[in-house]
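Colleague: sequence unavailable; structure follows:
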Ligand SMILES: Cc1cc2nc3c(=O)[nH]c(=O)nc-3n(C[C@H](O)[C@H](O)[C@H](O)COP(=O)(O)OP(=O)(O)OC[C@H]3O[C@@H](n4cnc5c(N)ncnc54)[C@H](O)[C@@H]3O)c2cc1C
């Protein structure tokens, strides 16, 4: 058993070209469809797949940042080493830009390691697209499906397709989810992971033995199983940082931006004052464009440029709990699209245990948000309605909370609405804030970076492809 596991690991290492010191993506972070430069793409592929490649040391990363001066600035300095920041850095360096990235704690220590770990194709956007006849929502689905496939292909050692079971308790519900998920397959087309399908109540219980056949005066009619992606979010994030470093970006963790540097003549942001939180040494670094990817903390960075900047972020916390393995079978998740109080709850196999969540409550912004007892109880209560095992508080092995950086676009006409999509905003010359959105679509943030950033036209450079 142990030997076969080791062989499997060896195979993964061979396929991915990872060395033990450099955990990188398998293939280039950008797909050939993203741009035409296939020769450059090929050279990147070779560099990331080189088994002898090693991420340069912390000293080398720091020296490159310290070496950037006002006369010889970086092209881009990214603040924040979560999915957004590492995605932007990787995209920018792969397009030949000179890139630096600083992260105050460790890579993925923020929201990016506290997600549900799903690579969504956006099935809920599809429901909105159909019912509201909203083409914008449909475009989000197309985009999420494309990204889902690309992210899994780029890091197959950290991502995979996961079947998710939707229990149905009346025939209308069964028909509704079956038709909806067939439409999802249809829209996915070539990007589909596997076909969704209906299972009878007996078949469903065979596949998911802890699923309740009866409860609350209703009985299970069957389930519809569809596929989404599952990822190891924190390792994927570290993979993005390491791949960016292998391609030449200077990525520096435990380094905090404590103020921004302005050009005295025109007030443009031209760099940042940074503190190395390990050595406590401080230094300046300069860049043509500073990208604020500080997630829930992006307003504090914006206020370093303009004390009067209004808040963009409306933080919302989401809790997950870890339960013993017997709660869910290996390789099958359970999704309840509407609990009795109308929320979505997932129960997914995760590293030999079961992860369940999540909640959605307004919160204050802190680096270490704590899961509250009522949030843990809410999740236990929600899943207990669908399970035939006794759901006990003492079964909770661990719990965590993450903060969704839900953003309001300050330049949008309707400032009432919070975006579940990402927002790109240049509220001070030289400082571009990118926040909101989903892990699944992290690659989108960097898409619009064009080489004309070198010419100092960052706003245009960050115009996103639609
Ligand atoms: C409960 C929950 C479940 C979710 N589930 C999913 C899911 O299943 N699928 C999905 O696609 N998306 C999911 N999301 C959304 C996804 O996790 C986020 O959109 C994404 O992780 C945001 O990444 P980020 O890089 O913008 O923020 P973060 O990961 O928070 O990164 C920001 C970083 O900036 C750093 N920073 C802050 N200030 C400074 C400073 N002054 N100097 C240097 N660094 C600084 C922080 O330390 C932090 O590491 C979920 C979110 C939550 C909360």
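Modeller: Nice, I can see it. Here the structure is a predicted model, which means the values were calculated and not measured.
Colleague: got any ranges where the chain has weak pLDDT?
Modeller: Counting by pLDDT under 70, the low-confidence segments of the chain come to 1-23, 26-40, 411-420, 445-466.
Colleague: for it, what lies in contact range of the ligand?
Modeller: Taking CB under 6 Å from any ligand atom as the criterion, the neighbours of the ligand within the chain are 79-85, 102-105, 109-112, 114-118, 120, 256-257, 293-297, 301, 318, 358, 402-405, 435, 437-440. Every residue, glycine included, has its C-beta placed from N, CA and C.
Colleague: run the last query once more with 5 Å
Modeller: With CB under 5 Å from any ligand atom as the criterion, the chain meets the ligand at residues 79-80, 82-84, 103-105, 110-112, 115-116, 118, 256-257, 294-295, 297, 318, 358, 402, 404, 438-440.
Colleague: can you tell me which of the residues you listed are buried?
Modeller: Members of the residues of the chain next to the ligand that pass the buried threshold by neighbour count (16 or more other CB atoms under 10 Å) are listed as 79-80, 82-84, 103-104, 110-112, 115-116, 118, 256-257, 294-295, 297, 318, 358, 402, 404, 438-440.
Colleague: phi first, then psi, for the one residue in the stretch 151-300 of the chain that gets nearest to the ligand.
Modeller: Among residues of the stretch 151-300 of the chain, the one nearest the ligand by CB to the nearest ligand atom turns out to be residue 295. It sits 2.5 Å away. The phi and psi values for residue 295, taken as degrees, to the nearest 10, are phi 60, psi -130.
Colleague: list the contacts for it?
Modeller: 80, 82, 84, 110, 111, 112, 403, 405, 435 (CB atoms under 8 Å, 6 or more residues apart in numbering).
Colleague: swap in residue 305?
Modeller: Contacts of residue 305 (CB under 8 Å, 6+ apart): 260, 262, 269, 427, 428, 431.
Colleague: all the helices of the stretch 101-250 of the chain, residue numbers only.
Modeller: Counting by DSSP state H, counting those that start in this stretch, one finds helices in the stretch 101-250 of the chain at the ranges 123-131, 135-154, 171-188, 201-207, 233-246.
Colleague: so which of these is the most surrounded?
Modeller: Relative to the other members of the helices of the stretch 101-250 of the chain, helix 233-246 carries the highest mean neighbour count by mean count of other CB atoms under 10 Å, namely a mean of 26.
Colleague: now for the following helix or strand past that helix, which elements pack on it?
Modeller: Going down the chain from helix 233-246, the next helix or strand is strand 250-252, by DSSP states H and E. Identification of packing neighbours for strand 250-252 by 3 or more CB pairs under 8 Å, 6 or more residues apart in numbering; DSSP states H and E yields helix 58-66, strand 99-102, helix 233-246.
Colleague: JSON lines please, covering those and showing distance to residue 377.
Modeller: What follows is these, written out as JSON lines (distance: least, CB to CB, whole Å):
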{"stretch": "helix 58-66", "distance to residue 377": "43"}
{"stretch": "strand 99-102", "distance to residue 377": "39"}
{"stretch": "helix 233-246", "distance to residue 377": "25"}
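Colleague: save the contacts of residue 305 as CSV, and put in secondary structure too.
Modeller: Rendered in CSV, the data for these read as follows (DSSP: H, G, I helix; E, B strand; the rest coil):
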residue, secondary structure
260, strand
262, strand
269, strand
427, strand
428, strand
431, strand
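Colleague: now the two most distant members of those residues.
Modeller: Pairwise distances across the contacts of residue 305 peak at 13.8 Å for 262 and 427 (criterion: CB to CB).
Colleague: contact partners for residue 259?
Modeller: For residue 259, the set of contacting residues under the criterion of CB under 8 Å, 6+ apart consists of 272, 273, 304.
Colleague: skip the chain neighbours and tell me the closest residue to the second one.
Modeller: Leaving out its chain neighbours, the residue that sits closest to residue 273 by CB to CB, 6 or more residues apart in numbering is residue 259, at 4.5 Å.
Colleague: how close does residue 235 sit to residue 164?
Modeller: The spacing between residue 235 and residue 164, counted by CB to CB, to the nearest Å, is 21 Å.
Colleague: mind listing the residues bridging to residue 118?
Modeller: In this structure, residue 118 bridges to residue 230 when assessed by DSSP bridges.
Colleague: surely it touches residue 230?
Modeller: Yes. Contact status for residue 118 versus residue 230: in contact at 6.1 Å, counting by CB atoms under 8 Å.
Colleague: common neighbours of these two, please.
Modeller: Applying CB under 8 Å, 6+ apart, one finds that residue 118 and residue 230 are jointly contacted by 162, 348.
Colleague: tell me the SS of the residue nearest to residue 273?
Modeller: Residue 259 is classified as strand under three-state DSSP.
Colleague: what about residue 330, how many neighbours?
Modeller: 7 (other CB atoms under 10 Å).
Colleague: and for it, nearest residue in space, chain neighbours not counted?
Modeller: Residue nearest to residue 330 in three dimensions, not counting chain neighbours: residue 349, with 5.5 Å by CB to CB, 6+ apart.
Colleague: and the one you found, how close does it get to the ligand?
Modeller: Distance, residue 349 to the ligand, using CB to the nearest ligand atom, to the nearest Å: 14 Å.
Colleague: looking at this, residue 72 is in a helix?
Modeller: No. The assignment for residue 72 (three-state DSSP) gives coil, which keeps it out of a helix.
Colleague: dump the residue contacts of the closest residue in space to it that isn't next to it in sequence.
Modeller: Counting by CB to CB, 6+ apart, the nearest residue to residue 72 once its immediate chain neighbours are dropped is residue 286, at 7.8 Å. Residue 286 sits next to 68, 69, 70, 72, 73, 74, 77, 261, 270, 271 when contact means CB under 8 Å, 6+ apart.
Colleague: compare those and tell me which has the most neighbours.
Modeller: Neighbour counts for these, by other CB under 10 Å, peak at residue 77, which reaches 32 neighbours.
Colleague: I figured that residue hits residue 285, correct?
Modeller: Yes. Contact between residue 77 and residue 285 holds when scored by CB under 8 Å: they sit 6.2 Å apart.
Colleague: joint contacts of the two?
Modeller: Residues touching both residue 77 and residue 285 comprise 68, 100, 102, 271, 272, with contact defined as CB under 8 Å, 6+ apart.
Colleague: where does the last one sit: helix, strand or coil?
Modeller: Look at residue 272: counting by three-state DSSP, its state is strand.
Colleague: just list whatever residues bridge to it.
Modeller: So, taking DSSP bridges as the rule, residue 272 has residue 260, residue 285 as bridge partners.
Colleague: you'd agree it is up against residue 77?
Modeller: Yes. Between residue 272 and residue 77 there is a contact under CB under 8 Å: 6.1 Å.
Colleague: show me the common contact partners of these two, please.
Modeller: Residues touching both residue 272 and residue 77 (CB under 8 Å, 6+ apart) are 102, 285, 287, 290.
Colleague: hang on, isn't residue 223 packed against residue 166?
Modeller: Yes. At 5.9 Å, residue 223 counts as touching residue 166 under the criterion of CB under 8 Å.
Colleague: before we move on, the earlier item: show me what contacts the residue nearest to residue 330?
Modeller: For residue 349, the set of contacting residues under the criterion of CB under 8 Å, 6+ apart consists of 162, 325, 328, 329, 330, 331, 332, 333, 355.
Colleague: burial measure for the third one, as a count.
Modeller: Residue 328 has 27 neighbouring residues, counting by other CB under 10 Å.
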